[in-house]
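Asks: Mind looking at a prediction? Sequence and model below.
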Amino acid sequence: MISWIQKYFHKHFRTVFAVMLALMIISLIGFYNASNGLGRGRDGTGGESVNKPYLGIDLANADQAKRLMNDANVSGILLGLNIFSEDQLRSYALDRHASRWLADQFHLPAPSKADLDTYVRSLRFFADRTTGQFDPKSYNAFLDQRETDPGVTRGDFTRVLVDDVRIAQIKSLLAGPGFLLPTEARATLELVETSWSVAVASVDYASFAPTLATPAAADLEKFFAANPARFTFPAQVRVDAIEFPSESFLAKVTVTDKELRAYYDLNHDDFTKPEPKTDAKPEPVIPVALAKPAESATAKADADFAAARPKVEEAFKLDRARRLAARAAAELTNDLFQQKIKPDTLAPVLAAHALALKPIAPFANRPAAPFTDLAMPATLGTELDTLAAAFRLSATQPFSDALPTSRGAVILVWRESIPARAPAFAEVRDRVAAEWSADEKQRLFAELGRTLHNRIEAALKAGTDFEQAVTDSATVASSAKLEAKKYSGFTLAQKRDSGSFDPLAPTLDRLETLQKGQLTEMITASAADGKTPESGLLVLAVDKKLPDLATPESLAMLRRITIQIAAYSAGTAIAELVQREFPKSALAEP
C-alpha cells in the first residue's frame, strides 16, 4: 500500500534529498550531542569511552556514531523511507546496523559490480519521473555532486550501497519463502480481493441544527466536574531563541560553474517544465558505468541550464546558506557545552558572535485541537522535534541542540516551565457551556442515526429501493442534509490505497464483516480536528463477490501476501535483536 506521503516522496525525491542533506548536520547532532551523551565518554566530556559496544561498534565514540547516523540518513533517502524525525532516524540506524552485523555473522560476501549495478537501477531515487526507468543523467549528476559536497562523498555513497545490498540479502534469508495455512490464505484473499458494491446514505453534520435546551448552571458545573481533562490548562514553556537566518550566510557562499551544473542536473525538474507525454518507447537502459547522455540531449540540457541559471544560482546559494546556518548553530551549541556556559553568562558569548536573544511567548506542548497547527509560535517553524526539544529543556539543561527552521536554524534557551493547571469553573464557564452544547448536538446526531437506520432497514425489508428509502426518511432528518450514493466494483485494498480522503475510508473496517444485504449502523466520519463529526454514513452491502482462489491472479496475489508476511517476520527478528543488544551497550547505562 502506497500512502499519499510515499507518492509525494516518489515525485519529489531529488528535492527532498537536497533539503535533508542540508539539515543532516542537525540530525546527526541529535544522536551524539552534548545533552544526551551519545558520541562522548562515560562522563559526557569526550573522554575514554566505556567498552560496551553495540554489535561491534561503540556508540559513545563520536566518529563511529557519526558514521552510523550518516549512512542511515543517506540510505533512507535513497530508499525513499518516510523518516521525519530524529527518533525515526536513530531507530533506522540501529536496525540497519543490526542487519549489517547479521550479514557479517553469516559471512555474506561483498556484492559484485553486477550486483551493485542492478541495485542502483532499482532505486527510485534515480528513476525518470515520466518513464519510471533508471535515468543515467540523474545518476551522473549525483556522482558529480559528490565531488564538491563533503557531506556525502563518493566513498560514503559506495559504502552505503554495498551495505544496503548485503542488508537486502540477509533480510531475504531471514524472510524465507513465506507460508500461509489454507484457511489463512482463503481469509486473507477474500479480505483483499472481494469485489464490493454498496449504497451509502450520508447525513451532513454541519447542516444538522437541533434545538438545544439552555443548560442550568448546576448541569454545567456537573459537566465541568465530570470532564476535568477537557478544561485543564496544558503545561507551557517559555524560551528565548538564538536565530541563525539563512540570509545572514548568503554572502559567505561561494559558487562555481561545476557546482551549479551538478545542482541543476540533480534538481532539473524544479527548474524546467516537464516534457509532454508521448507514445514513444523509452530508450534501452545502458550500463551504469557507461551512463553518459547523448550529444543532442547534452546540447538541450546546456541550453536549459543557461536559461534557468539565475534561478539555479539563487536556489543553490540558499541551500548552501542553510547548511552554513546549521553548521554555525551546531558549533555554538558545542561551544556552550564545552565552556559550561549558563543562561546568566550567555550575553558575552552572543555578543562575540554578533547574535541576540529573541524572547518567545509561552506555548503549550500540544495544539489547541488534534490535527491542527502546532502550539509553537510561527517563528520556530512546524517541526515536531522542535516542540519536543523545547519541553526537554530545564534549569539543568537550558540549551537545546541546533534545530532546523524554515528560515535556517535556531537554538532554544530555557527561561521557565509552566506546569499544567486546573482552572476554577468561573474561569472557563463560557468554554464549558460551548463544550456541553457540542456534546449534546453529537448525542442528538447519534440518536438521529439510530432512527434513520431503523426506518431505512424497515423500508428495505418491505421491498423499497434504497434511494427511495433514504428520500422517504428525510422527514425525520430535521435540517440535516441527507443524500444517497452508490459505489460499485471496488475492493477494500483499492479503497485503502486511496488513503483517508476516500469517502468510504471511515467504513472500510466495518465492511470487512458485512454480509450481502446488510445495512450498517450509522458510522461517524470525523472532521479534520479528529473530534467533531463531519457526516454520518449508513452503508448497504448491495453485492459482495468473493474471489476465485484458483485463478492465476489470485495465486499471484497470495504469493505477494506471503512475501509481505515473510518480510514482516524478518523485520521482527531484526527488531528483537536490537531490543536484546542495545540495552547491553554503554549508552543504556544510567
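Replies: Looks like it arrived, so ask away.
Asks: burial measure for P547, as a count.
Replies: 18 (other CB atoms under 10 Å). For glycine as for every other residue, the C-beta is placed from the backbone atoms N, C-alpha and C.
Asks: Tell me who's in contact with it.
Replies: 189-190, 193-195, 554 (CB atoms under 8 Å, 6 or more residues apart in numbering).
Asks: Only whichever of these are buried, select them in PyMOL.
Replies: Restricted to buried positions by 16 or more other CB atoms under 10 Å, the PyMOL selection for these reads:
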select buried, resi 189+193+194+554
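Asks: Secondary structure class of the spatially closest residue to V312 that is not a sequence neighbour, three-state.
Replies: Counting by CB to CB, 6 or more residues apart in numbering, the nearest residue to V312 once its immediate chain neighbours are dropped is Y264, at 4.7 Å. Using DSSP: H, G, I helix; E, B strand; the rest coil, the structure places Y264 in helix.
Asks: Contacts only, for Y264.
Replies: Contacts of Y264 (CB under 8 Å, 6+ apart): 141, 271, 305, 308-309, 312.
Asks: Next one: it from A329, what distance?
Replies: Y264 sits 28 Å away from A329, going by CB to CB, to the nearest Å.
Asks: What of Y568?
Replies: Taking CB to CB, one finds Y568 at 40 Å from A329.
Asks: Of the two, which one has the most company?
Replies: A329 (27 against 12).
Asks: give me the element the more buried one is part of.
Replies: helix 295-338 (DSSP states H and E).
Asks: So which elements touch that helix?
Replies: In terms of contacts (3 or more CB pairs under 8 Å, 6 or more residues apart in numbering; DSSP states H and E), helix 295-338 is packed against helix 13-22, helix 24-29, strand 236-245, helix 257-266, helix 346-352, strand 408-418.
Asks: wait, which of these is closest to T562?
Replies: Set against T562 and scored by CB to CB, these come closest in helix 13-22, at 29.5 Å.
Asks: distance of K544 from E457?
Replies: 18 Å.
Asks: mind giving me the domain split of this structure?
Replies: 4-178+569-588, 195-230+426-545, 236-276+287-418 (automatic domain parsing).
Asks: could those go into TSV alongside distance to T562 and mean pLDDT?
Replies: Putting the domains of the chain into TSV (distance: least, CB to CB, whole Å; pLDDT from 0 to 100) gives the following:
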stretch	distance to T562	mean pLDDT
domain 4-178+569-588	3	77
domain 195-230+426-545	16	93
domain 236-276+287-418	32	84
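Asks: any chance of those in JSON lines, plus distance to A185?
Replies: Formatted as JSON lines, these follow (distance: least, CB to CB, whole Å):
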{"stretch": "domain 4-178+569-588", "distance to A185": "11"}
{"stretch": "domain 195-230+426-545", "distance to A185": "16"}
{"stretch": "domain 236-276+287-418", "distance to A185": "38"}
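Asks: quick one, which of those is nearest to L558?
Replies: domain 4-178+569-588 (9.5 Å).
Asks: what's the most buried one of the helices and strands packed on helix 295-338?
Replies: Comparing the helices and strands packed on helix 295-338 by mean neighbour count (mean count of other CB atoms under 10 Å), helix 24-29 ranks first with a mean of 23.
Asks: Following the chain onward from that one, which element is next?
Replies: helix 62-79.
Asks: My guess is G499 contacts L508. True?
Replies: No: judged on CB atoms under 8 Å, G499 makes no contact with L508 at a distance of 11.3 Å.
Asks: Secondary structure element for G155, which one?
Replies: Under the assignment here (DSSP H and E), G155 is part of helix 154-175.
Asks: name the helices or strands packed onto that helix?
Replies: Using 3+ CB pairs under 8 Å, 6+ apart: helix 154-175 touches helix 62-79, helix 86-105, helix 113-122, helix 136-148, helix 552-581.
Asks: Tell me which of those sits nearest to E259.
Replies: helix 136-148 (5.0 Å).
Asks: can you state the direction angle for the closest one and helix 113-122?
Replies: Relative orientation of helix 136-148 versus helix 113-122 (axes from the mean of the first three to the mean of the last three CA atoms, to 10 degrees): 110 degrees.
Asks: Helix 136-148: which residues count as buried?
Replies: 136-142, 144-146.
Asks: now stretch 207-223
Replies: Buried, per 16+ other CB under 10 Å, within stretch 207-223: 208, 215, 220, 223.
Asks: Which of these sits closest to K461?
Replies: Using CB to CB, the buried residues of stretch 207-223 come closest to K461 at F208, 26.5 Å.
Asks: In this structure the closest one contacts R443, no?
Replies: No: in this structure, F208 is not within contact of R443 by CB under 8 Å, at 11.7 Å.
Asks: Need phi/psi at E483.
Replies: phi -140, psi 160 (degrees, to the nearest 10).
Asks: Now for the residue nearest to it when sequence neighbours are not counted: which residues touch it?
Replies: Distances taken as CB to CB, 6+ apart put S202 closest to E483, at 5.5 Å, once the chain neighbours are dropped. Neighbour list for S202: 482-485, 535-537 [criterion: CB under 8 Å, 6+ apart].
Asks: So S202 belongs to a strand, correct?
Replies: Yes: assigned with three-state DSSP, S202 falls within a strand.
Asks: In the beta-sheet assignment, what are the partners of it?
Replies: E483, L537 (DSSP bridges).
Asks: For E416, see how far away it is.
Replies: Following CB to CB, the distance that separates S202 from E416 is 49 Å.
Asks: residues in contact with the closest residue to V349 other than its chain neighbours?
Replies: Of all residues not flanking V349 in the chain, I341 sits nearest, at 5.8 Å (CB to CB, 6+ apart). Counting by CB under 8 Å, 6+ apart, I341 touches 335, 349, 399.
Asks: Redo these as TSV? Include distance to G530.
Replies: Converted to TSV, these look like this (distance: CB to CB, whole Å):
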residue	distance to G530
D335	43
V349	43
F399	34
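Asks: Now that we have the contacts of S202, which of them are buried?
Replies: 482, 484, 535-537.
Asks: Distance to Q494 added to those residues, as JSON lines?
Replies: Below are the buried ones among the contacts of S202 laid out as JSON lines (distance: CB to CB, whole Å):
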{"residue": "L482", "distance to Q494": "27"}
{"residue": "A484", "distance to Q494": "22"}
{"residue": "S535", "distance to Q494": "21"}
{"residue": "G536", "distance to Q494": "24"}
{"residue": "L537", "distance to Q494": "18"}
